[in-house]
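In: Structure for the following, please:
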Amino acid sequence: MKYQTGRQAVEQEFLMRFLEIGAIDLKGDDTKLDKLRSTAKDLSETLREEPSKTTRFTMVAADPNISATDPTVEEAMTTLRKQWETVANAFSGKPVGILRAILLDAIVQAARTNDAIAVAFVNTARNALAHSETANESNIWLEAVSEIETRVDARAETEWATPEMITLDPMRYNPPASVSAKHNVPMVDQDELRSKIHSAAGPWGSAPNNQHSPAQNPHQWTQEFANMMSVTIAETIDGIVEELVPPPVDLSNPLSNLAKTVTAHVDRALVCFSGATAGLQRRTNLLWWKESLYSPSAHASYLDLPPFEASALMALDLHKQIPTHSPASVSAFLREAIRCLPVGSDDQNTVEREVLDLLRDARANSFMQPFRALAAQYAPVPVGRGPLLSLIGHPQNSGDIEATMLRTLGGIDATTKMTPSDWGTYLFRELQTARATSDNPAKQAKKK
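Out: This is a model prediction of the structure:
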């Protein structure tokens, strides 16, 4: 066995724990123990491939009075026979106690490596153990649930926590390489400039020149000189400027890349901020929901609904608001929210109804239609021990529910009484379990 300290789970072989309390007697035969261990390993692999079986495995493992003909018991027995061909000769009947121990060990093995199975196990075990007679096994189950629940809470902390500081990587942008251009320094052609100035000064030479003499006609000479010098100077300056103009540079592509980089960086920043504040926003929304006492599923106030129907819809609405991986304290939050509902002059803790009546109402009451619709999506048609969601979501497949059927399929005595908070919390855990296993990647991959 392997033990750890602190908040880390205590990983141990739960099959051995049943041996320690005498629930399993192998007469000291280690070869038989090896066969049981191999069977537990095989069943854990089955769970990893089909996490939706977690609910049935857990409910069967938690019930000492489970029928030997239950489909899950039959499946476990078939797996055991593959490892122990003569098992039927070793016992007078089906070794249900041994199969239950194997199932628990298999579940814990799978839950240690699969978060969806861990969520399903914890929620199902919390419900099942409240209505099972496991007195001599209570410490074993407490250890198993505590270990896996610690794992679930650790995962949930990452989705519910709000960090004190948000760290963002710096923006990464590679600017385009600089373009170096060699410019020849423009020079004035002094000889040409001198020639033009000389032409503008007097009537000599063969080039176009000033036809007036400054001595004979100073006014016309001055006017002509000014005109010719203006043209000469302007042409010289324009020539220099034209040579100084740099070649055109196309900045559209670098600016476009910069804009894309900035946009991507801002998007990453918004995602980081949204993820970091999701837990705070979720808690804020839950407080608003609890204070408003309004059902988005029924489009009505919980105060206007019968208390038990309201508690079931509160379980549904809370389930829709939170992620699959949520801390165990969420169930306690729901319980307290349901206790805010008025129940006339009676105390919430004293108003009780039998589970059989609650189940029948859930299958027929018009207020419960949103709940039935989701239950039908999550849970399969009831076959053997399974969640109440199967009975609620598929009323047409199971007919009228009576006491024996409820005990066989749901694992609860028909006369068991629950308060509104008990009922809502029970259904909420089943919803969380069903979503965890139905959304599990391993299952989706198998479907494909």
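In: Next secondary structure after the longest helix along the chain?
Out: In the chain, with assignment by DSSP state H, the single longest helix is helix 252-292. Using DSSP states H and E, the helix or strand that follows helix 252-292 towards the C-terminus is strand 294-295.
In: So which other helices or strands are in contact with that next one?
Out: Contacts defined by 3 or more Cβ pairs under 8 Å, 6 or more residues apart in numbering; DSSP states H and E place strand 294-295 against strand 300-301, helix 307-321. Just so you know, the C-beta spots here come from the backbone N, C-alpha and C atoms, and that holds for glycine as well.
In: May I see the buried residues of the longest one?
Out: Neighbour counts using 16 or more other Cβ atoms under 10 Å place 307-319 of helix 307-321 among the buried residues.
In: between those, which is closest to Ala23?
Out: Ala315 (34.0 Å; Cβ to Cβ).
In: Relative to Leu103, how far out is the closest one?
Out: Distance of Ala315 to Leu103, computed by Cβ to Cβ, to the nearest Å: 27 Å.
In: Next, the angle from the longest helix of the chain to helix 307-321.
Out: Using axes from the mean of the first three to the mean of the last three Cα atoms, to 10 degrees, one finds that helix 252-292 and helix 307-321 are set 160 degrees apart in direction.
In: and the residue most central in space within the chain, what are its phi and psi?
Out: Central residue of the chain (Cα atoms, centre = their mean): Pro323, 6.0 Å from the mean position. Torsion angles at Pro323 (phi, psi; degrees, to the nearest 10) stand at phi -80, psi 170.
In: How far does the helix or strand where Thr433 lies sit from its chain's centre?
Out: For Thr433, the element it lies in under DSSP H and E is helix 420-438. Distance of helix 420-438 from its chain centroid, counting by Cα atoms, centre = their mean, to the nearest Å, is 18 Å.
In: next one: stretch 215-235
Out: So, by Cα atoms, centre = their mean, the centroid of stretch 215-235 is 88 Å from its chain's centroid.
In: Make 47 the starting number, not 1.
Out: All set: I'll call the first residue 47, so the last point we hit is now stretch 261-281.
In: Counting neighbours, which bits of that stretch end up buried?
Out: So, applying 16+ other Cβ under 10 Å, buried residues of stretch 261-281: Trp267, Glu270, Phe271, Met274, Thr278.
In: picking up where we left off before, might one say that the residue nearest to the centre of the chain is in contact with Glu205?
Out: Yes: because the distance of 5.6 Å satisfies Cβ atoms under 8 Å, Pro369 is recorded as touching Glu205.
In: With Leu380 as the reference, name the closest of the helices and strands packed on strand 340-341.
Out: Nearest of those to Leu380, taken as Cβ to Cβ: helix 353-367 at 5.3 Å.
In: That closest one packs against which elements?
Out: Here helix 353-367 touches helix 298-338, strand 340-341, helix 375-384, helix 401-410, helix 415-424, helix 466-484, going by 3+ Cβ pairs under 8 Å, 6+ apart.
In: relative orientation of that helix and helix 415-424 in degrees?
Out: Counting by the same axes, to 10 degrees, helix 353-367 lies at 50 degrees to helix 415-424.
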